[in-house]
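*Asks:* This is the structure alone, sequence omitted:
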């Protein structure tokens, strides 16, 4: 992409977002709309168009349908967020994560290469093996599929000249997170009802990142090609244990509820990584702005205001 196009703001630009109805996707579409972008949003289910957002249906596999979308909207930047998002280790999750994460990423990269002059930002994951000291073995089918997709992204950049940046996204939380089995929404709903959140040991160290900070980080990657062909971490550079997060949520609730640690078994091969925020800022100018205490307070307020009537399912996943 030329420097002239790369340095423009988002107003009037054609942007394609896959996984646009997901947790991060909705936040990104909202930020793009606030900046005046012309957004084409892809989802596996049909949705009605909105001001500034044209919704299209894509199952993640149909390459001809995807090329038709590219032809119609001629995107300058593609944010590929569509993904099967969970860390389950069971054998039955191998093929779905391969199809949902790797094949869809290769389809996007291929369509972008054919279109030409189209920048791609891939959503990677903290679960991917990374760094010189990391064991080169993915810990889950999800991690393996994301790691492979990132490899294809680097190949498309080196071999076919596609502008590709890979956002290594750390543990995202925030208002309206749809998977209420995840730790933060589950603990918010449970504590808000006066129920003790049933958790694992609580000792896992996690780099938590607020969803709107992720959206702004993605926009920063989409606006500059300095990071082409490499990963950029979207996290805070601060570790907070899962137990501390649950304790903070219970303290916000203020009703005397405490987490029930050890009620669930720990998962094997959990990854402990810390985002390199300094490099992200040097490459893109982006830094996270919402600290964990402020972010959890906002999130708790949202979930208690929108709490469903039934009790929260006793399940913690991160």
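*Replies:* Good, I have the coordinates. Since the model is a prediction, treat every value here as computed from it, not as a measurement. Residues are numbered from 1 along each chain as shown.
*Asks:* All the strands of the protein, in order from the start?
*Replies:* 14-18, 38-43, 53-57, 77-80, 119-125, 164-169, 171-173, 205-206, 208-210, 231-234, 240-241 (DSSP state E).
*Asks:* Any idea how far the longest one is from the middle of the chain?
*Replies:* Once both centres are worked out by Cα atoms, centre = their mean, to the nearest Å, strand 119-125 turns out to sit 10 Å from its chain's centre.
*Asks:* ok, and what's touching it?
*Replies:* With contact meaning Cβ atoms under 8 Å, 6 or more residues apart in numbering, strand 119-125 is reached by 1, 6, 19, 24, 76-81, 83, 105, 108-109, 112, 142-143, 146, 149-150, 153, 156, 162-169, 218, 221-222, 225, 231. Where C-beta positions appear, they are placed from N, C-alpha and C, glycine not excepted.
*Asks:* which sections of the protein are below the confidence cut-off?
*Replies:* Scanning the chain with the threshold set as pLDDT under 70 gives 1-8, 86-87, 129-135, 308-318.
*Asks:* who's sitting farthest from the centroid in it?
*Replies:* For the chain, the residue at maximal distance from the C-alpha centroid (Cα atoms, centre = their mean) is residue 256, at 32.7 Å.
*Asks:* distance of that one from residue 187?
*Replies:* Residue 256 sits 15 Å away from residue 187, going by Cβ to Cβ, to the nearest Å.
*Asks:* Same question for residue 243.
*Replies:* On the measure of Cβ to Cβ, residue 243 and residue 187 end up 10 Å apart.
*Asks:* Any buried residues in stretch 116-130, and which?
*Replies:* 118-130 (16 or more other Cβ atoms under 10 Å).
*Asks:* correction: stretch 18-31
*Replies:* Here stretch 18-31 shows 18-29, 31 as buried, counting by 16+ other Cβ under 10 Å.
*Asks:* returning to that earlier point: any idea how far the residue farthest from the centre of the chain is from residue 194?
*Replies:* From residue 256 across to residue 194, the span is 8 Å (Cβ to Cβ).
*Asks:* next one: residue 180
*Replies:* Counting by Cβ to Cβ, the gap between residue 180 and residue 194 amounts to 17 Å.
*Asks:* same deal with residue 186?
*Replies:* Counting by Cβ to Cβ - residue 186 and residue 194 are separated by 15 Å.
*Asks:* Which of those two has more residues huddled nearby?
*Replies:* Using other Cβ atoms under 10 Å, the more surrounded residue of residue 186 and residue 194 is residue 186, with 25 against 10.
*Asks:* That one contacts residue 200, correct?
*Replies:* No: counting by Cβ atoms under 8 Å, residue 186 does not reach residue 200; the two are 11.7 Å apart.
*Asks:* quick one, what contacts residue 210?
*Replies:* 172-174, 288, 290, 295, 298 are the contacts of residue 210 under Cβ under 8 Å, 6+ apart.
*Asks:* Please list only the buried members of those.
*Replies:* Buried among the contacts of residue 210 by 16+ other Cβ under 10 Å: 172-174, 288, 290, 295, 298.
*Asks:* Would you format the residues you listed as TSV with distance to residue 100 included?
*Replies:* What follows is these, written out as TSV (distance: Cβ to Cβ, whole Å):
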residue	distance to residue 100
172	18
173	22
174	22
288	27
290	29
295	28
298	30
